[in-house]
Structures are given as C-alpha cells and as structure tokens.
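Asker: What shape does this take:
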Amino acid sequence: MTTDPQHPDTPAHCARHGRRRRLAGAATLAVAGAALVGTGAFSSWGATASATGGLTAGSVSVGMVDANGGTFSTAVGNLLPADYFYRYVDVTNSGSAASTFTGTVTATGALAGSLQVDVTSCSVAWTTVSGASTCSGTQTVLASGTPTTGTPLTVAHGSIATGAGNAQHVRYKVTFASGASTSLQGATGSIAASVSNTVVGGTDRTGG
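Answerer: Residues are numbered from 1 along each chain as shown. You can find the predicted model right below:
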C-alpha cells in the first residue's frame with residue numbers, strides 16, 4: 001500500500017479523522033435540531049366560542065285622553081252654590097311595564113278652596129244616561145277633597161298595566177261649595193288635573 005507522506009494512513013491518523021467526522025456530524029445534527037425547534041415544529045390548536053344577547057331599556061309613558069264624549073278643558077260658567085259638573089279621562093300606560101300612577105288636581109284663582117273634587121274610577125268606560133253619570137262596573141274612590149292654590153289634591157291611581165285595553169276610566173266631579181260666600185259672585189278660577197308614573201327597577205330579568 002502506497003503511503004502519502006502528507007496524509008499517512010496510520011491507524012492513529014485514521015482514528016483521528018473518524019473522530020472529526022463523527023464530531024462534525026454531531027455538530028450538524030445539533031444545529032439542525034436547533035433549527036427545527038426555532039421554526040416551530042410543534043403544532044398549537046385553539047378554539048373560541050361566543051354568545052351575544054340583545055338588550056333593550058324599558059320606557060315610561062303616561063297618557064290622559066278625554067272620555068265619555070267630553071273635553072276636560074271645556075269652560076264652565078254661571079256656577080252657583082252647590083252646582084257641579086263632571087269631567088272624564090282615560091289614564092293609559094303607554095310605557096313598557098306596569099307601574100304606579102299618582103295624580104294631582106290643582107285649583108287657582110278666587111274660586112280655589114271653594115271647589116270640592118271627587119275622583120272616582122270605573123272598571124269599564126263611564127257613560128251618561130239621561131243626564132246621569134253611570135258606571136256599570138265597579139267604582140273605586142281615588143281621592144276626595146278641596147284643592148287650594150298651595151295644596152293640590154293628591155290622587156292615588158294605583159298600578160296600571162300597559163296597553164289601551166288596561167286604561168283606567170276616571171271621573172272628576174267638581175262641586176261649587178254650597179256655602180260659598182256672596183263675595184265670590186262673578187269670581188273666576190281654574191282647575192287642572194295631571195297624572196305621572198314611576199317605575200322602580202331592581203327586577204331579576206334573567207329570563208328575558
């Protein structure tokens with residue numbers, strides 16, 4: 001066997017070359033392994049679920065509609081002691097939930113304090129038969145008193161459900177005091193009614 005002096009093929013020389021080759025191969029594997037890890041060789045799976053529900057805020061609204069063919073604002077003249085007249089309104093809840101209603105009757109002018117007001121509701125619409133105010137259902141007294149300029153009459157309308165079909169049929173009877181002073185002859189005044197409602201929150205709406 002011919003031997004190159006620059007590359008002797010002695011057993012020791014061959015062993016050194018073998019170790020170099022093995023070390024180089026190991027280094028190459030190590031670098032390749034690092035490259036595999038660095039480039040994300042492992043997969044990552046994920047999933048997301050979501051749910052959305054609509055929300056709507058409630059509303060509060062009240063209506064007063066003239067009823068029984070009359071108009072609340074119609075003026076009345078020539079009142080004498082013990083004379084009376086009726087006014088009718090339907091109180092409606094046009095909001096989104098049942099609520100409690102409170103009303104007031106105010107009087108102004110020289111006649112304030114001389115007008116007795118009786119407020120009554122009927123479970124059905126009021127009617128006038130032969131000039132007489134009639135309730136063919138159940139009557140409920142809501143308020144009775146004499147409003148003055150500084151102290152209105154408070155009317156407890158109670159709870160009213162939503163919808164026109166649940167309207168509260170209200171009658172106001174206004175009577176000029178039977179003992180009215182003669183000094184009130186020709187005197188003037190006015191009377192007004194109002195209704196408001198309040199809805200209180202804090203209800204569990206989990207079911208919708």
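
Asker: What residues sit buried inside stretch 161-179?
Answerer: Neighbour counts over stretch 161-179 (16 or more other C-beta atoms under 10 Å) mark 162, 167, 168, 169, 170, 171, 172, 174, 175, 176, 177 as buried. The C-beta positions use only the backbone N, C-alpha and C, and glycine is treated the same way.

Asker: In PDB, could you pull the C-alpha coordinates for the strand or helix carrying the fifth one?
Answerer: Right, the one you point to is residue 170. Assigned by DSSP states H and E, residue 170 belongs to strand 168-176. The C-alpha coordinates for strand 168-176 follow below in PDB (Å, rounded to 0.1, in the frame of the first residue of the first chain):
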ATOM      1  CA  GLN A 168    -108.200  53.400  33.900                       C
ATOM      2  CA  HIS A 169    -111.500  55.200  33.400                       C
ATOM      3  CA  VAL A 170    -111.600  58.200  35.700                       C
ATOM      4  CA  ARG A 171    -114.300  60.700  36.500                       C
ATOM      5  CA  TYR A 172    -113.800  64.000  38.200                       C
ATOM      6  CA  LYS A 173    -116.800  65.500  39.900                       C
ATOM      7  CA  VAL A 174    -116.300  69.200  40.800                       C
ATOM      8  CA  THR A 175    -118.800  70.800  43.100                       C
ATOM      9  CA  PHE A 176    -119.000  74.600  43.900                       C
END
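
Asker: for it, packing partners?
Answerer: strand 84-93, strand 115-122, strand 153-160 (3 or more C-beta pairs under 8 Å, 6 or more residues apart in numbering; DSSP states H and E).

Asker: For the chain, just list every one of the strands.
Answerer: Ranges of strands in the chain, per DSSP state E, are 62-66, 84-93, 99-109, 115-122, 127-129, 132-134, 139-145, 153-160, 168-176, 189-198.

Asker: Partner strands of the first one and their direction?
Answerer: So that's strand 62-66. Applying DSSP bridges, strand 62-66 is found paired with strand 84-93 (antiparallel).

Asker: Name the residues of the partner strand that are buried.
Answerer: Buried, per 16+ other C-beta under 10 Å, within strand 84-93: 86, 87, 88, 89, 90, 91, 92, 93.

Asker: thinking again about what came up before, output the strands of the chain in TSV, with distance to residue 47 and mean pLDDT appended to each entry.
Answerer: As requested, the strands of the chain are exported to TSV (distance: least, C-beta to C-beta, whole Å; pLDDT from 0 to 100):
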stretch	distance to residue 47	mean pLDDT
strand 62-66	51	84
strand 84-93	48	93
strand 99-109	46	92
strand 115-122	60	97
strand 127-129	68	87
strand 132-134	71	88
strand 139-145	61	98
strand 153-160	49	95
strand 168-176	56	95
strand 189-198	48	90
